[in-house]
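Visitor: sequence and computational prediction follow.
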Amino acid sequence: MISVDFHAHTFFSGCGIHSHIEMLNRARELGMSGLALTDHGRECGGRIPSTYFHRLTDPVPGIRMLNGIEANLRGLEGEIDVPPVALPYLDLVLLGIHGNTPSGLGGAVYTAALVSALEKNPCVDMLTHLYPSDYDVDLAQVVRAAKKQGVVVELNNSKMLLSKADPRAVRELVQICKAEGCRMAIGSDAHALNEVGLDEHARAVLQKETFPENLLGNHTAEQAYAFIEERRRNKRIDA
């Protein structure tokens, strides 16, 4: 079980089926320290109401709520759908390629788009699920770009849990991050209560590949919060 989960969705995403409070209560029941609620940006139908940032502050005692968003590409020139007004309130900005991006354009196109997005958007903290077959990318090139920007690369438990990831691509991603010295983080990518904090598939791969614990951004709660504070300092974003 992850102590601090960097990736989870509520019904604000459209694809999640529970509320913020329900997800946080489940995390607390599991003994977790924190849960990042990272609903999708508007390009994928997500909602980011101002009330969420202005009035919902650690609403469940005993569990830390991290404000987040899983952003989407807006086109292929490196633009993303994070509203600038939300940035001061966000603890974590995730970025992944989703269904709003047309598939079948070739790995070079998606690789260039992600690298450009990292260069143009220093707010991004983590790249999500880099191994969907519909959007093949040059993993080594993207990992090097992520390391340069201080961004962690996600090892997505949900994609493996639901058999939506090629095991060879997952192992390759971990091997490249290890070789490049790029930090990774486990994300449950939970869309329902029964998925909150799950990490067994991700942990198994990390153990098999002997991935260094010091390169895992949320190996412990202390490492997770230290990463978040490091990113906030580097981005100079003041809440």
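Guide: Looks like it came in fine.

Visitor: hey, where'd the strands end up in the chain?
Guide: Taking DSSP state E as the test, the strands found in the chain are 4-5, 34-40, 64-71, 73-74, 79-80, 92-95, 126-127, 152-156, 184-187.

Visitor: got a list of contacts for the helix or strand of the chain with the lowest mean pLDDT?
Guide: When each helix and strand of the chain is scored by mean pLDDT, DSSP states H and E, helix 50-55 comes last, with a mean of 74. Helix 50-55 is contacted by residues Phe12, His20, Asn67, Ala86, Tyr89 when judged by Cβ atoms under 8 Å, 6 or more residues apart in numbering. Heads up, the C-betas are built off the backbone N, CA and C, glycines and all.

Visitor: need the per-residue pLDDT for the fourth one.
Guide: Among the per-residue scores, Ala86 shows a pLDDT of 88.

Visitor: from Ser163, how far out is it?
Guide: Separation of Ala86 from Ser163 (Cβ to Cβ, to the nearest Å) stands at 34 Å.

Visitor: do the first one as well
Guide: Using Cβ to Cβ, we find Phe12 at a distance of 27 Å from Ser163.

Visitor: in terms of neighbours, single out the busier of these two.
Guide: Each of Phe12 and Ser163 has its neighbours counted (other Cβ atoms under 10 Å); Phe12 has more, 19 against 9.

Visitor: quick one: contacts for that one?
Guide: Counting by Cβ under 8 Å, 6+ apart, Phe12 touches His20, Asp39, Gly46, Arg47, Ile48, Pro49, Tyr52.

Visitor: can you say which of these are buried?
Guide: Among the contacts of Phe12, those buried by neighbour count (16 or more other Cβ atoms under 10 Å) are His20, Asp39, Gly46, Ile48, Tyr52.

Visitor: now render those as CSV, adding distance to Asp58.
Guide: As requested, the buried ones among the contacts of Phe12 are exported to CSV (distance: Cβ to Cβ, whole Å):
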residue, distance to Asp58
His20, 11
Asp39, 17
Gly46, 22
Ile48, 19
Tyr52, 13
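
Visitor: so which residues of the protein form helices?
Guide: For the chain, applying DSSP state H gives helices covering 20-29, 50-55, 107-120, 139-149, 157-161, 167-180, 200-208, 221-235.

Visitor: in JSON lines, list these along with distance to Met126.
Guide: Putting the helices of the chain into JSON lines (distance: least, Cβ to Cβ, whole Å) gives the following:
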{"stretch": "helix 20-29", "distance to Met126": "18"}
{"stretch": "helix 50-55", "distance to Met126": "19"}
{"stretch": "helix 107-120", "distance to Met126": "11"}
{"stretch": "helix 139-149", "distance to Met126": "9"}
{"stretch": "helix 157-161", "distance to Met126": "14"}
{"stretch": "helix 167-180", "distance to Met126": "12"}
{"stretch": "helix 200-208", "distance to Met126": "14"}
{"stretch": "helix 221-235", "distance to Met126": "9"}
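
Visitor: nearest to Val93, of those?
Guide: Closest to Val93 of these is helix 221-235 (Cβ to Cβ; 8.8 Å).

Visitor: and that closest one, which residues are buried?
Guide: Gln223, Ala224, Tyr225, Phe227, Ile228, Arg231, Arg232, Lys235.

Visitor: so which of the contacts of Phe12 would you say is closest to Gly187?
Guide: Closest to Gly187, out of all of those and judged by Cβ to Cβ, is Asp39, at 13.6 Å.

Visitor: look up the residues forming beta bridges with the closest one.
Guide: Here Asp39 shows beta-bridge partners Ile69, assigned using DSSP bridges.

Visitor: surely it meets Arg47?
Guide: Yes. Between Asp39 and Arg47 there is a contact under Cβ atoms under 8 Å: 7.1 Å.
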